[in-house]
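In: Quick one, what's the 3D model for this:
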Amino acid sequence: KNDFDFEFLKPTHKESSVKRDLPSWMGGGHGTAVGGSARHGISFLTSPLQQTREKSGAEKQADVLEYLKERPERKPVSAEEILAAVGVDLIGKDIEVNNMLIANPKVDISKDGLYMYLSKYVAENRKALLNLIERCTSGVSRNELYDTFEGARTDIDDMIKGGEVIAIKHREFSTVLLYPRGATFLTRLSGKVSITNGSRIAKTTHPLYHELKRGEAVKFGDFWARVSCEVSTNTIDKQPARAAVPESVSTDKEINLRNVHAQNFSPDELTLPLQTPFWSKDKRSDRYSGVAYRHGCSQRVRKLWHETSQQVPKDDEQALHKMLFQAGLVTSSQTGLIRPKRFVQLTPEQRDSQRTKKKRRMAVVNNARITNDHLEGTAIGMLMEEARMNPEKFGL
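Out: Sure thing, here's the model as predicted:
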C-alpha cells in the first residue's frame, strides 16, 4: 500500500509507466522520469506537504542547454563554470547528465572538456540572419533560427513586422516558414502623420481607414508598426489569440469581423491606433511628423481591382488594348505589336525540291589577264598571276 492507499500507485507501476524508448540525450535508457507527471514536477509517491524535490536528469540538461545558449557569442565553458552557474556537477554526481550532453546533437564538447551550444544554422547578427533567409528560397522554419544568436527572436519578429521577409504559416505542421521578400514595393499613404515617442496613437491629416486594415504594417520614418488589433484594454501579452496581428504585412481579409476593438479606427477618424508604441531611431528628435508608407498598393486600389478584374479580357490582346485606349491609358488605337512570321510547314515534295535545287557557282575564266597594270611586278601581282596559271593549287 502507499500513502493514498491505491494499488495502481505502487512504485513498480509508476516506473513502468514513465520509461520510454527515448534517445539517450533525452534521458532514454537511464531510467530517468522525463514524461508524464514527473516531467511537471508532480509525484504521487510523495506527501502533498513536500515542497522541494530533486530535478530529473532531463531537467538538469535543459538548465545546462539554456545556460549555453545565453552565453555571449556562444563561447565554450568548462564543467566547473556550469557547476557554478546552474548547480549541475557534470564530472561528479551528475555524470548521467554529462552522458546525455555527449549524445545531444545541440552540444559540442571539445577535447579540452569545454561545452558549447550548436545551432542548426550559423548567423552572428541580424544582417547575417537576413542574408541566410534570402539564400533559403524554399523557406526556412522560424523556430530553427531562434537559437542562432542572442536576440535573434526579437530581430526575426522585427523583420516580419517590417516586411523584410515573408512569413507563411504551414497548415499541416502549424509552423511558420520564412521566405525572402526580394524587391520591396511601398506605397505612400494620403496626408501626413505625427506621433511622439512612447505613443500608440498617431494623428493624421487624412482618414486612412480605406487605405489600411487592422494588423497591416505601416512605416513612420525608420519605424515599422502594425495597426492595432486589440480587443481589450489589457496589455499586449494578455490579449486573446483572436487579437493577434497576422504574419503577413498586408492582407485582403479582416482580422475577425466579430471582434470589438479597443481602439477606434473608422472612416471619419483622424487617428491611427498602433499595436506597439512608437520609438524613433533618430536620437535628435523624439517626434515624427511626415508621410507614412505601407507594403503594396492601398486597400482602395485592391478593392477596385477585385471589382473590375472580371471585366478585363485575359486572352484577347486586341480587346485589352482597345479597352485601354478607350480609358485614355494608351495614345494609339493600334496595338503596335510586331507579330512573328508564321512557320510554314513544308510538304515532302517541297523539301526534296529545296535539297535538289542547284546552287549558282562562280565560273572560272581561263587565260584571264590582270587588268590592274599598277600591280604588275608587285608581290600581289605575282601571286595573282600564279593563281591564274595554277588554279588547282589555290582551289579555284
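In: The lowest-mean-pLDDT helix or strand in the chain: what's the following helix or strand?
Out: The least trusted helix or strand in the chain, going by mean pLDDT, DSSP states H and E, turns out to be helix 36-39, with a mean of 40. Later in the chain than helix 36-39, the nearest helix or strand by DSSP states H and E is helix 57-69.
In: Can you list the buried residues in that following helix?
Out: Buried residues in helix 57-69, counting neighbours by 16 or more other C-beta atoms under 10 Å, are found at Gly57, Ala58, Glu59, Lys60, Gln61, Asp63, Val64, Leu65, Tyr67, Leu68. Just so you know, the C-beta spots here come from the backbone N, C-alpha and C atoms, and that holds for glycine as well.
In: Tell me the helices and strands packed up against the following helix or strand past it.
Out: Using DSSP H and E, the helix or strand that follows helix 57-69 in sequence is helix 79-86. In terms of contacts (3 or more C-beta pairs under 8 Å, 6 or more residues apart in numbering; DSSP states H and E), helix 79-86 is packed against helix 57-69.
In: Next, count neighbours for the nearest residue to Asp63 once chain neighbours are set aside.
Out: The shortest distance from Asp63 to any non-neighbouring residue, by C-beta to C-beta, 6 or more residues apart in numbering, is to Val86 (4.5 Å). By other C-beta atoms under 10 Å, the residues close to Val86 number 15.
In: okay but Val86 is in contact with Leu65, surely?
Out: No. Between Val86 and Leu65 there is no contact under C-beta atoms under 8 Å: 9.8 Å.
In: which SSE is Pro273 in?
Out: strand 271-273.
In: you'd agree Leu178 is up against Lys169?
Out: No. Leu178 is not in contact with Lys169 according to C-beta under 8 Å; the separation is 11.0 Å.
In: What segments of the stretch 101-250 of the chain are strands?
Out: Along the stretch 101-250 of the chain, the stretches classed as strands by DSSP state E, counting those that start in this stretch are 107-109, 115-117, 140-141, 165-169, 176-180, 186-188, 193-196, 201-204, 217-220, 223-226.
In: any chance of those strands in JSON lines, with distance to Gly377, mean neighbour count and mean pLDDT too?
Out: Output for the strands of the stretch 101-250 of the chain, formatted as JSON lines (distance: least, C-beta to C-beta, whole Å; neighbours: other C-beta atoms under 10 Å; pLDDT from 0 to 100):
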{"stretch": "strand 107-109", "distance to Gly377": "88", "mean neighbour count": "16", "mean pLDDT": "87"}
{"stretch": "strand 115-117", "distance to Gly377": "90", "mean neighbour count": "20", "mean pLDDT": "88"}
{"stretch": "strand 140-141", "distance to Gly377": "81", "mean neighbour count": "18", "mean pLDDT": "90"}
{"stretch": "strand 165-169", "distance to Gly377": "81", "mean neighbour count": "17", "mean pLDDT": "88"}
{"stretch": "strand 176-180", "distance to Gly377": "75", "mean neighbour count": "19", "mean pLDDT": "91"}
{"stretch": "strand 186-188", "distance to Gly377": "79", "mean neighbour count": "12", "mean pLDDT": "90"}
{"stretch": "strand 193-196", "distance to Gly377": "92", "mean neighbour count": "20", "mean pLDDT": "93"}
{"stretch": "strand 201-204", "distance to Gly377": "95", "mean neighbour count": "18", "mean pLDDT": "93"}
{"stretch": "strand 217-220", "distance to Gly377": "85", "mean neighbour count": "21", "mean pLDDT": "90"}
{"stretch": "strand 223-226", "distance to Gly377": "87", "mean neighbour count": "21", "mean pLDDT": "89"}
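In: Can you say which of the ones you listed is nearest to Asp237?
Out: Proximity to Asp237, assessed across those by C-beta to C-beta, is greatest for strand 223-226 (15.1 Å).
In: how far does the closest one sit from the chain's center?
Out: 18 Å (C-alpha atoms, centre = their mean, to the nearest Å).
In: If you count contacts, what does that strand end up packed against?
Out: Using 3+ C-beta pairs under 8 Å, 6+ apart, strand 223-226 sits against helix 152-162, strand 217-220.
In: Point out the most buried one among those.
Out: strand 217-220 (a mean of 21; mean count of other C-beta atoms under 10 Å).
In: Show residues contacting that one.
Out: Residues outside strand 217-220 that contact it (C-beta atoms under 8 Å, 6 or more residues apart in numbering) are 161-163, 186, 189, 193, 195, 202, 212, 224-227, 249-250, 272, 274, 278, 288, 290, 292-295.
In: run the last query once more with 7 Å
Out: For strand 217-220, the surrounding residues in contact (C-beta atoms under 7 Å, 6 or more residues apart in numbering) are 161-163, 193, 195, 202, 212, 224-227, 249, 278, 288, 292-295.
In: contacting residues for Asp286?
Out: Here Asp286 is in contact with Thr196, Asn197, Ser280 (C-beta under 7 Å, 6+ apart).
In: cool, and Asn125?
Out: Asn125 neighbours (C-beta under 7 Å, 6+ apart): Phe149.
In: Can you pull out the low-pLDDT segments for this protein?
Out: Along the chain, the model assigns pLDDT under 70 to residues 1-52, 252-259, 333-344, 357-371, 395-396.
In: What segments of it are helices?
Out: Along the chain, counting by DSSP state H, helices occupy 11-18, 36-39, 57-69, 79-86, 95-102, 126-135, 152-162, 299-308, 317-326, 348-356, 379-389.
In: okay if I get these as CSV plus distance to Arg284?
Out: Below are the helices of the chain laid out as CSV (distance: least, C-beta to C-beta, whole Å):
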stretch, distance to Arg284
helix 11-18, 61
helix 36-39, 52
helix 57-69, 37
helix 79-86, 41
helix 95-102, 49
helix 126-135, 23
helix 152-162, 22
helix 299-308, 34
helix 317-326, 48
helix 348-356, 79
helix 379-389, 81
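In: Among those helices, which comes closest to Ile236?
Out: helix 152-162 (12.2 Å).
In: same for the closest one, what does it pack against?
Out: Judged by 3 or more C-beta pairs under 7 Å, 6 or more residues apart in numbering; DSSP states H and E, helix 152-162 is in contact with helix 126-135, strand 223-226.
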